[in-house]
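[1] Build me a model:
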Amino acid sequence: MTGKIPAQELRGAIDAQVEATFERVEALYRQLHQYPELSFHEHETSRRLAEALESLGYEVTRGVGRTGVVALLRNGDGPTVMLRGDMDALPIKEETGLDFASRETAESGNGQVPLMHACGHDLHSSCVVGAAAVMAGLKAQWSGTLMLVCQPAEEIFGGARAMLEDGLYERFGRPDVILGQHNMPALAGSVGHIAGRAMAACTNLAVTIHGAGGHGSMPAQAVDPVVIAAHVVTRLQTIVSREVPPEEGVVVTVGKLQAGTQANIIPHFAELEINIRSFDNALHTRVVESIKRIVRAECEAGSTPKSPEFHILNETVALHNDATTVERVRRAHAAQFGEANVYAMPRLNGSEDFPLFGNTEAGGFGGEDIPYAYWFIGATPAERWAETPGKSVAEKMRHLEMPHSPYYFPGNAVTMRTGMAALASGALAWLAG
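    The predicted structure is shown next:
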């Protein structure tokens, strides 16, 4: 390894490597975008990513956590830096009008569904490949190990846990720091950072309330689960208003309530799906327990023939960025993109399974927590950004399409270059020291 080069020279070197590989990464991105795959079905996606990383000289292992990919570039003594990108798509019909828009469909639990990369995971994984190329081209400037993780099933909070349970750290080594990013409709070319509480914990809880069905004209001969479910829905809102401190951000949403087949039949059961989000993991656990308490109490009050059933569909912990790690990456990004292009990212009520990689209790691996930083790359072209109402980033984003919209498209050239350089410069903040 050569000595540490000045920040200006490093910025130029990263930019040159980004340009050298950009056309290949953009072509990969268009392939991934046009042919999206659902969570844990990313077979062609992971194959394309694995082949791209193998072509760059990385040690690549496929099928980690079912469809995940892990790639290593060992370059002498030094720390291990892990870069993570997700790669699954969503059951949404694309309406972007792109010439490489998805027309794919797939079989799911809800029948045949359209597919779209509406959250930009194709961009994330393409940027990981781009950063891999940059780092391979700059091997003389750094020392240590670069660990790349292309993760499946982020949309259902399943992929991080699956990779950890498949021995991610036992098989490939425990990283010293974990870095990741997500696109947002901020200004393309900008990078947003937030230390501490950045994204919410999330639990999706399924509830079955059992009744005793009967004729609608004889309700006294039945136990109506619809009435009980209605009481549950309204009562649950008292958790936020009466059990949670006002300064805490907690959301309890009943997103699904299904029961019965027609008006004159009292059904045998009602099904609810409840979404819970908060920024404090201990408080989050208490809120989930409060929900169960209220459901049980309403079932008791309604004389249900048997106890309610609870099933966690999926869940993840809150994303708490390590402040020291964030500051180190932020300095690297300010040097790479200019201070004016680094903004303060507002806290998001959305959720990620990324923190499982660093949270030893939630992730189920031993030892101390691993510090991590997760930042946000802007995806709105400059002309659109300038004409969008608002002064702050948060105000402008309220007027723009967000991830999971059928019209959302973050994959412009500026954002892609920024994502590649952001990952590489972030990694070099440790490896080129």
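[2] Could you verify my assumption that Glu315 touches Asn204?
    Yes. Glu315 sits in contact with Asn204 when judged by Cβ atoms under 8 Å, with a separation of 6.8 Å. From N, CA and C alone the C-beta is placed, and that goes for glycine too.
[3] between those two, who's got more neighbours?
    Asn204 (21 against 18; other Cβ atoms under 10 Å).
[4] any idea how far that one lies from Leu272?
    11 Å (Cβ to Cβ, to the nearest Å).
[5] for Thr324, same thing?
    42 Å.
[6] mind listing what's buried in the helix or strand where Asn314 lies?
    Asn314 belongs to strand 309-316 when assigned by DSSP states H and E. Using 16 or more other Cβ atoms under 10 Å as the test for burial, strand 309-316 gives Asn314, Glu315, Thr316.
[7] So which residues of the stretch 51-200 of the chain form strands?
    In the stretch 51-200 of the chain, the segments counted as strands under DSSP state E, counting those that start in this stretch are 59-64, 68-75, 80-86, 105-108, 111-114, 144-151, 177-187, 191-193, 196-199.
[8] what pLDDT, on average, does the fifth one get?
    So that's strand 111-114. Averaging pLDDT along strand 111-114 yields 96.
[9] what does the shortest one give?
    Averaged across strand 191-193, the pLDDT comes to 98.
[10] now for it, which elements pack on it?
    Here strand 191-193 touches helix 323-337, strand 342-344, strand 372-380, going by 3 or more Cβ pairs under 8 Å, 6 or more residues apart in numbering; DSSP states H and E.
[11] before we move on, the earlier item: looking at the buried residues of strand 309-316, which one is closest to Ala188?
    Checking these against Ala188 with Cβ to Cβ, the nearest one is Thr316 at 27.9 Å.
[12] Next up, the contacts around the closest one.
    Phe157, Ala160, Ala201, Cys202, Ser351, Glu352, Asp353, Pro355, Leu356, Ala362 (Cβ atoms under 8 Å, 6 or more residues apart in numbering).
[13] Tabulate those (a markdown table), appending secondary structure and distance to Gly216.
    Formatted as a markdown table, those follow (DSSP: H, G, I helix; E, B strand; the rest coil; distance: Cβ to Cβ, whole Å):
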| residue | secondary structure | distance to Gly216 |
| --- | --- | --- |
| Phe157 | coil | 40 |
| Ala160 | helix | 47 |
| Ala201 | strand | 41 |
| Cys202 | strand | 37 |
| Ser351 | coil | 40 |
| Glu352 | coil | 45 |
| Asp353 | coil | 44 |
| Pro355 | helix | 48 |
| Leu356 | helix | 47 |
| Ala362 | helix | 46 |
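[14] from those residues, which is closest to Gly120?
    Distances from Gly120 to these, taken by Cβ to Cβ, are shortest for Glu352, at 12.8 Å.
[15] What count of nearby residues applies to that closest one?
    23.
[16] 24 is where my numbering starts, stick with that
    Understood, numbering begins at 24; the last thing we discussed is Glu375.
[17] if we can go back for a sec, for the buried residues of strand 332-339, could you give me JSON lines that also reports pLDDT?
    Formatted as JSON lines, the buried residues of strand 332-339 follow (pLDDT from 0 to 100):
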{"residue": "Asn337", "pLDDT": "97"}
{"residue": "Glu338", "pLDDT": "98"}
{"residue": "Thr339", "pLDDT": "98"}
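[18] Can you tell me the element Gly449 falls in?
    Short version: Gly449 belongs to helix 436-454, going by DSSP H and E.
[19] Is it correct that Ala159 is in contact with Leu95?
    No. Contact between Ala159 and Leu95 fails when scored by Cβ under 8 Å: they sit 11.9 Å apart.
[20] now Cys322: how far from Phe432?
    From Cys322 to Phe432 the distance is 46 Å (Cβ to Cβ).
[21] Among those two, which residue is more densely surrounded?
    The neighbour count for Cys322 versus Phe432, taken as other Cβ under 10 Å, is higher for Cys322 (24 against 21).
[22] can you pull the contacts of that one?
    Cys322 neighbours (Cβ under 8 Å, 6+ apart): Ile232, His233, Ile251, Ser330, Pro331.
[23] quick one: which of those residues sit in strands?
    Of the contacts of Cys322, the ones assigned to strands by DSSP state E are Ile232, His233.
[24] are any of the contacts of Cys322 buried, and which?
    Buried among the contacts of Cys322 (16+ other Cβ under 10 Å): Ile232, His233, Ile251, Pro331.
[25] hey, where'd the helices end up in the stretch 174-323 of the chain?
    182-188, 191-195, 248-261, 304-324 (DSSP state H, counting those that start in this stretch).
[26] okay if I get these as CSV plus distance to Gln31?
    As requested, these are exported to CSV (distance: least, Cβ to Cβ, whole Å):
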stretch, distance to Gln31
helix 182-188, 37
helix 191-195, 34
helix 248-261, 55
helix 304-324, 42
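[27] for the ones you listed, which one sits closest to His205?
    Closest among the helices of the stretch 174-323 of the chain, using Cβ to Cβ: helix 182-188, at 13.9 Å.
[28] got the buried residues for that closest one?
    Gly182, Ala183, Arg184, Ala185, Met186, Leu187.
[29] where's it relative to the chain centroid, distance-wise?
    14 Å (Cα atoms, centre = their mean, to the nearest Å).
[30] residues in contact with that helix?
    62-63, 87-89, 91, 93, 109, 111, 172, 174-177, 339, 376-377, 379-380, 386-388.
[31] CA-only coordinates of that helix, as CSV, when you get a sec.
    This file holds the C-alpha atoms of helix 182-188, laid out as CSV (Å, rounded to 0.1, in the frame of the first residue of the first chain):
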residue,chain,number,x,y,z
GLY,A,182,-33.0,-11.2,4.4
ALA,A,183,-30.6,-9.9,7.0
ARG,A,184,-31.7,-12.4,9.5
ALA,A,185,-31.5,-15.2,6.9
MET,A,186,-27.9,-14.3,6.1
LEU,A,187,-26.9,-14.1,9.7
GLU,A,188,-28.5,-17.4,10.5
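[32] which intervals of this protein have sub-threshold pLDDT?
    24-27 (pLDDT under 70).
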